[in-house]
Each structure stands twice: as C-alpha cells, then as structure tokens.
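A.B. asks: predicted coordinates and the sequence they were generated for:
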Amino acid sequence: MIRHQSITEKILLVRNKKVILDRDLAELYGVKPIRLREQVKRNIKRFPRDFMFQLNDQEIDLMVSQIAIPSRKHLGGHKPYVFTEQGVAMLSSVLNSERAIEVNILIMRAFVKLREILLTHADLKKKIDRLEKKYESHDKEIKFVFEVIKQLLNPPLPPEKPKKKIGFKAEGK
C-alpha cells in the first residue's frame with residue numbers, strides 16, 4: 001500500500017513547477033524507469049513541455065547536492081525526465097494497468113493537497129504582512145513611550161553647585 005506522505009515527499013520544485021522524477025513515478029507504478037520512458041516516447045505528442053521536461057546538468061547537480069537524487073550514477077546514465085501534475089494525469093492514459101490508475105489517483109490527491117497547503121501559507125503570509133504594516137507605527141510609538149519611562153525612572157542629576165571652600169584665605173594668594 002502506498003502512503004500519501006511517501007508520494008508527497010517525492011514532489012519536488014524545479015523551474016518553479018511541482019514535479020515528480022520519472023524514476024520515482026516508475027517505482028510508484030511498479031515498472032522499470034526505462035519502460036515508463038518508452039511508453040512516454042511512444043506517445044510523445046501527449047507530453048508537451050509544460051507536462052514533462054528533461055533536467056539539465058545544473059538541475060541534476062542541484063538535486064544531487066540536496067539529496068533528492070543520491071548520485072548521478074543512480075540515474076543510470078541518462079538525464080531524468082520530470083512530470084508536472086498535468087503530465088502525471090496524462091500518464092494514466094499511457095499506462096493502463098490497474099496499479100497505474102490507483103497510483104495516479106493518489107498522486108493527483110497529493111498534488112491537490114500540496115496546492116491547498118501552499119494557498120493556506122500564502123493567505124497566512126498576506127495576513128502577517130498586513131499586521132506588520134498595521135503595527136509598524138505602533139513600534140515607533142512604543143519605543144518613544146519606553147524612552148520617556150526610562151527618563152522618568154532615571155532623572156538626570158541636578159548640576160553640582162560649586163563647593164564653598166572651607167578654611168581661611170591667606171592674603172596674597
């Protein structure tokens with residue numbers, strides 16, 4: 001049984017798009033990555049660049065450094081393809097097994113859940129930004145109040161009066 005969380009962990013952000021690596025999809029579908037790529041290549045017209053694209057060397061190096069991919073050797077000598085949410089949906093028309101259908105449903109739910117979470121975070125960020133703007137002037141006012149309180153608690157000492165000298169004045173000095 002595939003867990004929702006294990007699918008969510010496989011969703012990566014590449015070129016500002018949420019994607020899943022071809023090898024991760026193959027693992028979820030229970031097929032070899034080469035078989036998945038073969039099916040895609042046979043039906044390449046179904047996968048425009050906004051559904052699927054191949055990673056470049058810089059993106060691969062970045063993924064290796066972030067441990068999304070253990071090493072370049074793990075890729076089997078080819079640059080991996082990644083699939084967007086629409087690409088995953090299109091895979092269901094290419095891979096027609098019972099498992100592929102079940103996995104696709106789970107993956108689509110994971111993408112939807114991730115989108116909901118991101119929207120919630122965006123709403124929270126907007127609210128926080130509004131609060132910061134609203135209370136920005138209060139910070140200045142509060143600082144001023146504290147400065148006045150400090151001055152009241154620590155009043156400046158009165159200036160010292162010159163001390164009268166004690167003793168006799170000697171003439172001539």
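C.D. replies: Good, I have the coordinates. Numbering: from 1, shown residues only.
A.B. asks: what's the following helix or strand after the helix or strand containing D61?
C.D. replies: D61 is part of helix 57-65 when elements are defined by DSSP states H and E. Next along the chain after helix 57-65, taking DSSP H and E as the criterion, comes strand 81-84.
A.B. asks: how far does the top helix by length along the chain sit from the chain's center?
C.D. replies: Identified as the longest helix of the chain according to DSSP state H is helix 98-153. Helix 98-153 sits 13 Å away from the centroid of its parent chain (Cα atoms, centre = their mean, to the nearest Å).
A.B. asks: what do you get for stretch 154-165?
C.D. replies: 61 Å.
A.B. asks: buried sites along it?
C.D. replies: Within stretch 154-165, no residue is scored as buried using 16 or more other Cβ atoms under 10 Å. For the C-beta atoms, the positions are set from N, CA and C on the backbone; glycine is no exception.
A.B. asks: likewise for stretch 31-38?
C.D. replies: Judged by neighbour count using 16+ other Cβ under 10 Å, the buried positions of stretch 31-38 are V31, P33, L36, R37.
A.B. asks: secondary structure added to these, as CSV?
C.D. replies: Formatted as CSV, the buried residues of stretch 31-38 follow (DSSP: H, G, I helix; E, B strand; the rest coil):
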residue, secondary structure
V31, coil
P33, helix
L36, helix
R37, helix
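A.B. asks: which one of those sits closest to K165?
C.D. replies: P33 (99.9 Å; Cβ to Cβ).
A.B. asks: surely that closest one meets Q39?
C.D. replies: No - contact criterion Cβ atoms under 8 Å: P33 and Q39 do not qualify, at 10.9 Å.
A.B. asks: mean confidence score for stretch 152-171?
C.D. replies: Taken as a whole, stretch 152-171 has an average pLDDT of 74.
A.B. asks: same check, this time on stretch 81-97
C.D. replies: Taken as a whole, stretch 81-97 has a mean pLDDT of 84.
A.B. asks: pull up the distance across that stretch, start to finish.
C.D. replies: 21 Å (Cα to Cα, to the nearest Å).
A.B. asks: neighbouring contacts of that stretch?
C.D. replies: Identification of contacts with stretch 81-97 by Cβ atoms under 8 Å, 6 or more residues apart in numbering yields 12, 14, 17-22, 25, 29-31, 36-37, 39-40, 42-43, 46-47, 50-55, 100-101, 104, 107-108, 111.
A.B. asks: mind listing what's buried in stretch 79-88?
C.D. replies: P80, Y81, V82, F83, T84, E85, G87, V88.
A.B. asks: how far does it sit from its chain's centre?
C.D. replies: 19 Å.
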